[in-house]
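Engineer: Here is the input, now give the coordinates:
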Amino acid sequence: MKISATIFFLLATVYFGYSQNKEITESSDLKVTNVGTPTIYPNPSYGMLRVNLKKYPYKKFELVIKNIIGKNLWSQMIDSPEETLDLGFLSKGSYLLSIKNTQGDNLQSMRLVIIDP
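Structural biologist: Take a look at the predicted model:
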């Protein structure tokens, strides 16, 4: 059974959280890195968030927060697998938190919910 690159990309988007905007011409163009699941808690959060990325074999990461329409709201490079983030500046709502390595590969994307205290 032959799967077109578009269908393969859509399946990878749903399954792996791949979210880079790139035109896929062949299935070999799709590069998804999924080596573990990060621990990010609490979620939902009042704004203080603990991030544990020890399961990844990298030493530096970029954390990116986007709103639901994809606009970048915040990003930060971190060089420690454990961090506490103060995201109290975010309004109540749902966001997309992406974890990237230093080469820009998307390691994981997840929904982040900020609630009122």
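
Engineer: Surely M48 touches E83?
Structural biologist: No. Applying CB atoms under 8 Å as the test, M48 and E83 come out as separate, 11.2 Å apart. The C-beta positions use only the backbone N, C-alpha and C, and glycine is treated the same way.

Engineer: ok, now which ones touch S75?
Structural biologist: Counting by CB atoms under 8 Å, 6 or more residues apart in numbering, S75 touches E62, L63, V64, I65.

Engineer: Keep only those of the residues you listed that are in strands.
Structural biologist: Members of those lying in strands (criterion: DSSP state E): E62, L63, V64, I65.

Engineer: Could you dump those into TSV and include distance to Q103 and neighbour count?
Structural biologist: Converted to TSV, the ones in strands among the contacts of S75 look like this (distance: CB to CB, whole Å; neighbours: other CB atoms under 10 Å):
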residue	distance to Q103	neighbour count
E62	10	17
L63	15	21
V64	14	19
I65	20	20
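
Engineer: can you tell me which of these lies nearest to N72?
Structural biologist: V64 (6.3 Å; CB to CB).

Engineer: M77 is in contact with the closest one, correct?
Structural biologist: No. With contact defined as CB under 8 Å, V64 does not reach M77; the gap is 10.3 Å.

Engineer: any idea which helix or strand carries the nearest residue to L97 once chain neighbours are set aside?
Structural biologist: Nearest residue to L97 in three dimensions, chain neighbours excluded: L112, at 4.3 Å (CB to CB, 6 or more residues apart in numbering). Per DSSP states H and E, L112 falls inside strand 106-114.

Engineer: what's near enough to touch F89?
Structural biologist: G47, W74.

Engineer: what do you get for Y95?
Structural biologist: I65, K66, N67, I68, L73, R111, L112, V113, I114.
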